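S.K.: The following comprises the amino acid sequence and a computationally predicted model.
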Amino acid sequence: MDRGRALWLIDAGYLHAAQSSIAPGYRFDYRKLRDKIEQDGEVWRAYFLNSTANPPTDLQDSFHRWLRQAPPVGPKIITKLYQLKTIDIDRAYCEVCQREVAPACPHARNPEVHHLQRQQQKVVDVGLATLALTLVGDYDTLVLSSGDGDLLDTVEYLSLHKKQLELVVFRAGVSGELQSRADRVYWVDEFQDEVRHSAQPRT
């Protein structure tokens, strides 16, 4: 299959979480992964999308600088970083009671009130879809590293515009809807040792 001009979009949160499905502590190398998928055709442009704490740690900054560097040092990947969004948790749905309830911290003692929050990175999904659609005239194949079924509408739109879809994913946590629409799937599980981070021992 001729890939043509390829755009690689990476959901960093997905790849980071999914790599542990290989083995506890397993890590892959982005440069090796790019080399692997480019055996079937050069990637025109690659984007790494992630949500980070504000401010990011020194380790995160160093990693992102490395991602942006061209070979032979780095994998030459553009980084788009978003702040994690903090939202208040004031309601939750109880499946047993079948109604919304007020969540409570087990450490709170009357009359204390502990305000509950969580962080989410939904903006990454929007960023992936936006890049795929705004650059639609510039590529032939979307190489996608995400397992999120929320991207289904974007994938359907691209299919109508004769774009090919390749997935570069782990077997864990990939939407069946995305799998069924892919022209090709690169299962990282199948070449895990080829892209293993050099600091990682083989298990």
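M.R.: Here it is on my side, so go on.

S.K.: Surely Ala46 is within a strand?
M.R.: Yes. Ala46 forms part of a strand when assessed by DSSP: H, G, I helix; E, B strand; the rest coil.

S.K.: Stretch 19-31: how far from the chain's middle?
M.R.: With CA atoms, centre = their mean, to the nearest Å as the basis, stretch 19-31 stands 14 Å off its chain's centre.

S.K.: That one: which residues count as buried?
M.R.: Neighbour counts using 16 or more other CB atoms under 10 Å place 19, 22, 26, 28-31 of stretch 19-31 among the buried residues. Where you see a C-beta, it was placed from the backbone N, CA and C, and this is true even at glycine.

S.K.: same thing with stretch 139-155?
M.R.: Using 16+ other CB under 10 Å as the test for burial, stretch 139-155 gives 139, 141-148, 151, 154-155.

S.K.: and which of those is nearest Arg68?
M.R.: Ser145 (17.1 Å; CB to CB).

S.K.: Contact partners for the closest one?
M.R.: Applying CB atoms under 8 Å, 6 or more residues apart in numbering to Ser145 gives the contacts 8-11, 14-15, 167-169.

S.K.: would CSV of the residues you listed with secondary structure, neighbour count and pLDDT be doable?
M.R.: Output for the contacts of Ser145, formatted as CSV (DSSP: H, G, I helix; E, B strand; the rest coil; neighbours: other CB atoms under 10 Å; pLDDT from 0 to 100):
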residue, secondary structure, neighbour count, pLDDT
Trp8, strand, 25, 98
Leu9, strand, 24, 98
Ile10, strand, 27, 98
Asp11, strand, 24, 96
Tyr14, helix, 23, 95
Leu15, helix, 21, 96
Leu167, strand, 22, 98
Val168, strand, 22, 98
Val169, strand, 25, 98
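
S.K.: of the buried residues of stretch 139-155, closest to Asp2?
M.R.: Thr141 (8.8 Å).

S.K.: Next, give phi and psi for the closest one.
M.R.: phi -130, psi 130 (degrees, to the nearest 10).

S.K.: does it really touch Arg3, like I thought?
M.R.: Yes. The pair Thr141 / Arg3 is scored as a contact, 4.7 Å apart, by CB atoms under 8 Å.

S.K.: who touches both of those two?
M.R.: 41, 164, 166.

S.K.: Take those residues and keep only those in strands.
M.R.: With DSSP state E as the criterion, strands contain 164, 166 from among the shared contacts of Thr141 and Arg3.

S.K.: Next secondary structure element downstream of the worst-scoring helix or strand of the chain on mean pLDDT?
M.R.: Lowest on mean pLDDT, DSSP states H and E among the helices and strands of the chain sits strand 117-120, with a mean of 50. Of the helices and strands lying after strand 117-120 in sequence (DSSP states H and E), the nearest is helix 123-134.

S.K.: how far out from the middle of the chain is the helix or strand following that following helix?
M.R.: Later in the chain than helix 123-134, the nearest helix or strand by DSSP H and E is strand 141-145. The chain centre lies 11 Å from the centre of strand 141-145; the measure is CA atoms, centre = their mean.
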